[in-house]
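*Asks:* coords below, sequence missing:
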């Protein structure tokens, strides 16, 4: 049986995705959880419950971006050997 993504996990992924988009638009200092909550029509208490708060949500978004960047760099390196000899 393959793992499935629950509604809560999908919502969490949506929260992180909207966070990344908003931070890209206003920067980390301008980021406000209220925007994410309004965009996804969720209560701010859900952010606190699932992520622990604003800073933890930003950390989760940063970690996701780091993982994605690392995957892209490794893919590029496998194609073009850009890190060979470093």
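*Replies:* That came in fine, so what should we check first? Owing to the predicted nature of the structure, the values given are computational and were not obtained by experimental measurement.
*Asks:* only C-alpha atoms for contact and neighbour calcs from this point on.
*Replies:* Noted.
*Asks:* helix/strand/coil for residue 28?
*Replies:* coil (DSSP: H, G, I helix; E, B strand; the rest coil).
*Asks:* I'd like to know how far it sits from residue 46.
*Replies:* Distance of residue 28 to residue 46, given as CA to CA, to the nearest Å: 20 Å.
*Asks:* doesn't residue 34 make contact with residue 15?
*Replies:* No - the pair residue 15 / residue 34 is not scored as a contact, 11.3 Å apart, by CA atoms under 8 Å.
*Asks:* Can you tell me the closest non-neighbouring residue to the residue nearest in space to the middle of the chain?
*Replies:* Centroid-nearest residue in the chain: residue 61, 3.1 Å away (criterion: CA atoms, centre = their mean). Closest residue to residue 61 apart from its sequence neighbours, by CA to CA, 6 or more residues apart in numbering: residue 16 at 5.5 Å.
*Asks:* what's the single longest helix in the protein?
*Replies:* As assigned by DSSP state H, the longest helix anywhere in the chain is helix 54-80.
*Asks:* Could you list the buried residues of that one?
*Replies:* Applying a neighbour-count criterion of 16 or more other CA atoms under 10 Å, one finds 54, 57, 58, 60, 61, 64 buried in helix 54-80.
*Asks:* Quick one: work out the angle between the lowest-mean-pLDDT helix or strand in the chain and helix 54-80.
*Replies:* In the chain, no helix or strand scores lower on mean pLDDT, DSSP states H and E than helix 7-26, which sits at a mean of 85. Put simply, helix 7-26 runs at 80 degrees to helix 54-80, going by axes from the mean of the first three to the mean of the last three CA atoms, to 10 degrees.
*Asks:* Three-state assignment for the closest residue to residue 77 other than its chain neighbours, please.
*Replies:* The shortest distance from residue 77 to any non-neighbouring residue, by CA to CA, 6+ apart, is to residue 83 (6.2 Å). What three-state DSSP gives for residue 83 is coil.
*Asks:* what about residue 83, neighbour count?
*Replies:* Look at residue 83: counted by other CA atoms under 10 Å, it has 11 neighbours.
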